[in-house]
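Sequence and predicted structure below; questions after.
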Amino acid sequence: MIKEADPNKNNAKLKAIYNWMRRAKLPAQIIEIPKTAGVVKSNMNANIRNLTDLDVAWLGYHFFKKYMGLYVDTIFNFNEWNESRDFFLKLSAENAFRVVEVELNFMYDVLFTKLPVVYGKSGAICRIFSLVAVCIAIILFAFISKTKFWDTDVMITYALLFGALVMDTTALLMLLFSDWTIISFQKMLDRALHNSLKIKIIRVFLRCRTERKFQTETSTPQVTKSLRWSETIPSYNLIYCCLHPRPRLQGKIFDTLGLTNYLDSIVYVKSNSFSPDLKEFVFQELKSKALYAKDLPRAKEISSGRVDWVLKAEGWDNHLLGYVSDVDFDQSIILWHMATEICYNSEL
C-alpha cells in the first residue's frame, strides 16, 4: 500500500527538520523545484458528462491506486488532493457515485478478500491446479471399480466431486470477469483504439454485469440500478429500540445462543433505498464543502466540524451550538439522532 517515496508527501516532516536545524543554527534552506508536467491518462480527459462503464472502471482503479496509502496514514501532497477535488467537482452526482462504487469495491477486495494474492503467479497456478485436480479425481473415480462400495457412498462421492467442480469453475469465472481482469485487459490494449472490437466487448460485458433494470411501483419507466452494491442504507431507530425492549428472559436466551446482534439487525434495523434524490443531496453538500475547502486550514475546519457547520449555515448556532461543542462526540451523535427522529416524525 505504500508507494514510492515522494518528497512532496513529507512536507510536515521536512518542515520539522528544517525548524530543528534553524534552532540548532545549522545551515538550512528549502528550495522548491517546479513540478514537471506528467502524462495524463486518457480516461482523465474523458467526457465527464457521459462516462462509459469502462471509463468508470478505469477512473475508480486510478483513484484507488492513488489513495490506498490512506490506509496506512500516508501523507499526500496538494497536487494529488487538488486533482481529486477538481475532478469530482466537474462530475454529476450519478457519475461521482459510480466512480466511488468501483473504488470502494477495489478497497474491499484488497482488505477483506484474497484477490490480490490470486492475481499473482502463485495464485493463478494454485487455482488452475485445484481445478485440474478435481477433474482428474472425477475421471479416476468414474473408471475405478466401485463394487465394494455402497451405492449411497458412491452417490455422495459424486455429489461432492461435482460440487467441488462447480465451485472451482464458478470461482474461476468470477475471477476472469472481475474488475481486476477488466483493468488488466485494458492496460494491454491500445488506448488509442477506443472503438476497437475488444473495447466494445468489454463495455457490453461491464454494462451487463454492473447494471440491471427494474420496474418500480411509482414510476412507469424502468429504473437502472447498480449491481455493485444494494443501494440501500440501514437505519437504526434508537427511540423505537428503547420503547420496545425484548423481554428479559428472552434476551438472556438469545445472549446465551449468540443471536442478539443478529436478531437486533432484523427487528430494529430498517433498510432504506438510496434514491437518486438522496444521492444528489449528499453530493451537493459535499461539493459545497469542497468549494469552501480551498486550503489546508479550511479543510481541517470542515473535517473537524460536527453539526455546527449546518447550524451556522442555517443561522441556528446561537441557540443550539452549545449542544454540539460542549458535549462529547458520542453523546452528540446520540443527542442529534434522537432530535432528528423526533423532528422527522413530527413533520409527517
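Done, it's in.

and stretch 329-341, how far out from the chain's middle?
With C-alpha atoms, centre = their mean, to the nearest Å as the basis, stretch 329-341 stands 26 Å off its chain's centre.

And for stretch 230-241?
20 Å.

mind checking the end-to-end distance for it?
25 Å (C-alpha to C-alpha, to the nearest Å).

Doesn't R246 belong to a helix?
No. Read with DSSP: H, G, I helix; E, B strand; the rest coil, R246 is coil and lies in no helix.

Could you list the low-pLDDT ranges of the stretch 101-250 of the chain?
Applying pLDDT under 70 to the stretch 101-250 of the chain flags the ranges 186-227.

which stretches of it form helices?
For the stretch 101-250 of the chain, applying DSSP state H, counting those that start in this stretch gives helices covering 115-118, 121-143, 151-176, 179-188, 197-210, 238-243, 248-257.

Who are the packing partners of the third one?
With contacts defined as 3 or more C-beta pairs under 8 Å, 6 or more residues apart in numbering; DSSP states H and E, helix 151-176 has these neighbours: helix 121-143. C-betas here are computed from N, CA, C, even on glycine.

gap between the helix it packs on and the chain center?
In terms of C-alpha atoms, centre = their mean, the centre of helix 121-143 is found 34 Å from the chain centre.

rewinding a little: mind putting the helices of the stretch 101-250 of the chain into JSON lines with mean neighbour count and distance to Y18?
Listed next are these as JSON lines, based on neighbours: other C-beta atoms under 10 Å; distance: least, C-beta to C-beta, whole Å:
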{"stretch": "helix 115-118", "mean neighbour count": "14", "distance to Y18": "38"}
{"stretch": "helix 121-143", "mean neighbour count": "12", "distance to Y18": "44"}
{"stretch": "helix 151-176", "mean neighbour count": "12", "distance to Y18": "49"}
{"stretch": "helix 179-188", "mean neighbour count": "15", "distance to Y18": "40"}
{"stretch": "helix 197-210", "mean neighbour count": "14", "distance to Y18": "48"}
{"stretch": "helix 238-243", "mean neighbour count": "11", "distance to Y18": "50"}
{"stretch": "helix 248-257", "mean neighbour count": "11", "distance to Y18": "57"}
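
quick one: which of these is nearest S275?
Set against S275 and scored by C-beta to C-beta, these come closest in helix 197-210, at 18.9 Å.

so how far is R228 from the residue positioned nearest the centre of the chain?
In the chain, the centroid-proximal residue (C-alpha atoms, centre = their mean) is L104; its distance is 1.7 Å. Look at L104 and R228: by C-beta to C-beta, to the nearest Å, they are 8 Å apart.

same check, this time on S275
Relative to R228, and taking C-beta to C-beta, S275 is found at 17 Å.

So between these two, which is more surrounded?
For S275 versus R228, the count of surrounding residues by other C-beta atoms under 10 Å is larger for R228: 16 against 12.

Give me the distance between the closest residue to A124 other than its chain neighbours and K294.
Nearest non-adjacent residue to A124, counting by C-beta to C-beta, 6 or more residues apart in numbering: V118, 7.2 Å away. In this view, V118 and K294 are 43 Å apart by C-beta to C-beta.

Could you do V154 as well?
Distance, V154 to K294, by C-beta to C-beta: 73 Å.

Show me the domain layout of this structure.
Domain assignment for the chain by automatic domain parsing gives 116-183, 305-348.

could I get these as TSV with distance to K279?
As requested, the domains of the chain are arranged in TSV below (distance: least, C-beta to C-beta, whole Å):
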stretch	distance to K279
domain 116-183	21
domain 305-348	19
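
out of the ones you listed, nearest to P234?
When the domains of the chain are ranked by proximity to P234 (C-beta to C-beta), domain 305-348 comes first, at 13.8 Å.

Now for A137: which residues touch it?
L161 (C-beta atoms under 8 Å, 6 or more residues apart in numbering).

Could you do F254 as well?
When contacts are counted by C-beta under 8 Å, 6+ apart, F254 is found next to R246, T260, L263.

What's the separation between it and L296?
With distances taken as C-beta to C-beta, F254 is found 49 Å from L296.

Repeat that for E347.
Distance of E347 to L296, given as C-beta to C-beta: 39 Å.

So between these two, which is more surrounded?
More crowded of E347 and L296, by other C-beta under 10 Å: L296, with 10 against 6.

So for the more buried one, what's the pLDDT?
If you check L296, the pLDDT there is 73.

likewise D308?
Confidence at D308, expressed as pLDDT, is 70.

separation between it and I144?
Distance from D308 to I144, by C-beta to C-beta: 75 Å.

which of those two has more neighbours?
D308 (17 against 9).

ok, the more buried one touching L321?
Yes. Using C-beta atoms under 8 Å, D308 makes contact with L321 at a distance of 5.8 Å.

nearest to K66, of the helices of the stretch 101-250 of the chain?
Closest approach to K66 among the helices of the stretch 101-250 of the chain (C-beta to C-beta): helix 179-188, 14.0 Å.

What is the closest one packed up against?
If contacts are counted by 3+ C-beta pairs under 8 Å, 6+ apart, helix 179-188 sits against helix 53-67, helix 93-112, helix 197-210.

let's see it at 6 Å
Packing partners of helix 179-188 (3 or more C-beta pairs under 6 Å, 6 or more residues apart in numbering; DSSP states H and E): helix 53-67.

by how many degrees do whichever helix or strand comes after the helix it packs on and helix 53-67 diverge?
Counting by DSSP states H and E, the element after helix 53-67 in chain order, helix or strand, is helix 78-89. Here helix 78-89 runs at an angle of 150 degrees relative to helix 53-67 (axes from the mean of the first three to the mean of the last three C-alpha atoms, to 10 degrees).
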